[in-house]
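J.: The sequence and its predicted three-dimensional model are supplied below.
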Amino acid sequence: MKKFIIIALALIAVAVGVYLYKNKSSDGDIVSSITNKLSGSSSQVMEYVPADTILFGGNLEAMDYDKLMAFSRNFGLNFEVMGELFNKEEFDMGDAPDGAKFVFGFVKKMMGAASSNYPKTMGVPSETDGAIYTVGALPVFRFSLDGSNTFQTMVETIEKENQITAKVGSLDGFEYREYSFGEDVPVTLVLSTHNNQAVMTLNTLLDDAKDLKLALGIEKPAKSFSDSPRLAGLVNKFGYEGHQLFLMDNLGIVEGITNPRANHFGGMLDDLLVAYNVNNGPGVSVLAEYRTPECQSELTAFVGNWPTISAGYTNFDANSASYKMVVEGSNAGLLDSLQKLHGHLSPAMANKDMLFSMGMGFNMAEMTGVLTDVWKRLTKDPYNCSSLADMQNALKGNNPVMQLGMVSGMLGGIKGFGFGLVDMDVSAMEQAQNNPMAAADSVSLIMTLSADDPMALVQLAGQFQPMLGGIELEEGAAPKALPLPLPVEVNGSLRGHDLVLSFGDKANAMAANLDTNSSIDYNGLFSVNYDMGRYFGMINQAMAMDPNQDADAEEFQRVFNEMFKNVKGRYTDKTSFTKNGLEVTMEFDLN
């Protein structure tokens, strides 16, 4: 129990630590700035990222640490408490392999530095430059150093404090340190510093010239990511700034799996399968079924409809941040069809007085048509690739049109649904086991159903619940109690295109003051909105109520409270299909 608690908090800390290093902020013409940097004038790290990397996460501009910390401090995270986590006796790595002990020691130093002067403590510039990427199939983490010996001294300290013995090697005159993960793990962790940069990667059973030499950057790639138009295209197409940009090349991955000659990833993957003897015999690849001419053609065409997943900030300052993730779509006809699924996300669910809310927008009248179109696209032309043919046969045996037709026929008028938690008395929930009504009385909820004619939904419900047959709700009137066979009183009201259901005093008061929803525009699929301060406060209050807490649980609750007690702001996100693909937009507002 004790180790689980500490590890749970450590995972939070690690996530924040990675966030600390990778994020950044800047002013001015972002697109112009990034385009200039992609021309090779700024990031020295980018010179080592190969143009055909299948995975990239990093910064295209130098990150000003003080600007980053302005947002982090306004958010309210307690970095001092995070640093304390790794000093717990439960984190004694004992007989763990040297590789695991080094990773733990490095993260411990990183988290300790977060509460002080991070760049000076870690030996990195105040405007840092770093990236996570792949060289072939190997992951690489590379970042700039500040020119001092601070980082090298820290590595020596980590080894001494954790009783780690590094194997020191040399390759073409470049020294590196190697840490074992144990006899049962056939890869090792490698760390090297040269050219005022640090790089971490894995060493495999392949000949060093095939993997380690390339991953350490002893030779720069013939064509780097900064020379490629891929990043500039993403920035311009999706409006990203250079903050924590992420890219996964779905198409490149599938091309490498189906054809080892297609790219560096495919070639190294093939070499690794042979080196680790995981094939189906000499000359017979474990991936053979995916490497037939039919699969090479059909799988790449299939995945080509969604060639990349990318993400990045579109705004970042001391009090707000906007982030976007895009599953890129290339099939215009398919995207046009999927956009017809969009329903209405009610503005009522964006009320800032709610603790938590979520919305689902589905145009039920279009549901059958859209899913039928997708089903036909997947089943019309026969596949010859075995894995795709199996999927196609399964779909042909489960045509959803009939079932969906019945559902959408009954609910065709519904355009969206919303659920909002207005308030919750956590202390009253303690009585729920003995008195279920106490739990119901402690919650205030609002639900919305959006439709062209929301009163028609009440009349439809009256066919199944005759007691609702005579109910009349007037536009803009106060919430009215509905005669429902429920143990709590549910009130109904009309606000334009919204049928609003509420129960609980605070929810009823909020419902009474909701603005009329005069539009039924089709504005998305999903939305989430929550008050981060109240959310974490409620979790902390719930943990403190446990009467059976042992010493470990009490310590977890104390650390959790100290870590998040000053967190504030609102988080919102929205998911939609657009002409670019599937987009998720996220907003953090700390004002």
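T.: Sure thing, it's come through. Since the model is a prediction, treat every value here as computed from it, not as a measurement.

J.: Give me the below-cutoff pLDDT ranges for the stretch 1-150 of the chain.
T.: 1-42, 83, 85-92 (pLDDT under 70).

J.: can you pull out the helices in it?
T.: 2-22, 30-36, 65-75, 79-85, 98-114, 118-122, 150-161 (DSSP state H, counting those that start in this stretch).

J.: Beta-bridge partners for Leu501, please?
T.: Met447, Gly492 (DSSP bridges).

J.: Grab the nearest non-local neighbour of Leu404.
T.: Thr368 (4.6 Å; CB to CB, 6 or more residues apart in numbering). Using the backbone N, CA and C atoms, a C-beta is placed for each residue, glycine as well.

J.: so the one you found is in which element?
T.: helix 364-379 (DSSP states H and E).

J.: pLDDT averaged over that helix - what is it?
T.: In this model, helix 364-379 has an average pLDDT of 89.

J.: next structured bit after that helix?
T.: Assigned by DSSP H and E, the successor of helix 364-379 is helix 386-396.

J.: Make sure Val199 is indeed in a helix.
T.: No - Val199: not assigned to a helix; according to DSSP: H, G, I helix; E, B strand; the rest coil it is strand.

J.: wait, doesn't it sit right on Gly217?
T.: Yes - at 6.2 Å, Val199 and Gly217 qualify as touching, with contact defined as CB atoms under 8 Å.

J.: List the residues that are in contact with both of these two.
T.: 48, 142 (CB atoms under 8 Å, 6 or more residues apart in numbering).

J.: more crowded one of those two?
T.: Gly217 (23 against 20; other CB atoms under 10 Å).

J.: mind checking how far that one is from Ala166?
T.: 20 Å (CB to CB, to the nearest Å).

J.: try Gln465
T.: Taking CB to CB, one finds Gln465 at 72 Å from Ala166.

J.: Find the residue closest to Ala318 in space, skipping its chain neighbours.
T.: Ala70 (4.0 Å).

J.: Against Ser320, how distant is that neighbour?
T.: From Ala70 to Ser320 the distance is 11 Å (CB to CB).

J.: check contacts around the residue of the chain most remote from its centre.
T.: Ranked by distance from the centre of the chain (CA atoms, centre = their mean), the top residue is Gly470, with 47.5 Å. By CB under 8 Å, 6+ apart, the residues touching Gly470 are Gly462.

J.: so it sits in a helix?
T.: No - with three-state DSSP as the criterion, Gly470 is coil rather than part of a helix.

J.: ok, it to Leu482 distance?
T.: In terms of CB to CB, Gly470 sits 11 Å off from Leu482.

J.: and what of Glu555?
T.: 47 Å.

J.: Low-confidence regions, the stretch 351-500 of the chain specifically.
T.: For the stretch 351-500 of the chain, the ranges with pLDDT under 70 are 401-403, 405-410, 412, 429-439.

J.: hmm, who's touching stretch 204-214?
T.: 135-136, 138, 171-172, 176, 186-187, 190, 201, 203, 219, 221, 268, 271-272, 275-276.

J.: what do you get if the cut-off is 6 Å, keeping everything else the same?
T.: 135, 138, 171, 187, 203, 271, 275 (CB atoms under 6 Å, 6 or more residues apart in numbering).

J.: Show me how far it is from its chain's centre.
T.: 32 Å (CA atoms, centre = their mean, to the nearest Å).

J.: same check, this time on stretch 147-155
T.: 33 Å.

J.: Go through that stretch and flag the buried ones.
T.: Across stretch 147-155, burial judged by 16 or more other CB atoms under 10 Å covers 150-151, 154-155.

J.: Export only the CA atoms of that stretch, formatted as CSV.
T.: This file holds the C-alpha atoms of stretch 147-155, laid out as CSV (Å, rounded to 0.1, in the frame of the first residue of the first chain):
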residue,chain,number,x,y,z
GLY,A,147,28.8,24.7,-21.3
SER,A,148,29.7,24.0,-17.6
ASN,A,149,30.5,20.7,-16.0
THR,A,150,27.3,20.8,-13.9
PHE,A,151,25.5,18.0,-15.8
GLN,A,152,28.5,15.7,-15.8
THR,A,153,29.0,16.3,-12.1
MET,A,154,25.3,15.5,-11.4
VAL,A,155,25.7,12.2,-13.3
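
J.: List the contacts of it.
T.: 109, 123, 145, 196, 198.

J.: and what of stretch 277-284?
T.: 273, 285-286.

J.: Mind doing that once more with 10 Å?
T.: 205, 270, 272-274, 285-289 (CB atoms under 10 Å, 6 or more residues apart in numbering).

J.: Span of that stretch from start to end?
T.: End-to-end span of stretch 277-284 (CA to CA, to the nearest Å): 11 Å.

J.: ok, which stretches of the stretch 401-550 of the chain are strands?
T.: Here the stretch 401-550 of the chain has its strands, by DSSP state E, counting those that start in this stretch, at 414-424, 443-451, 480-481, 491-495, 498-503, 526-531.
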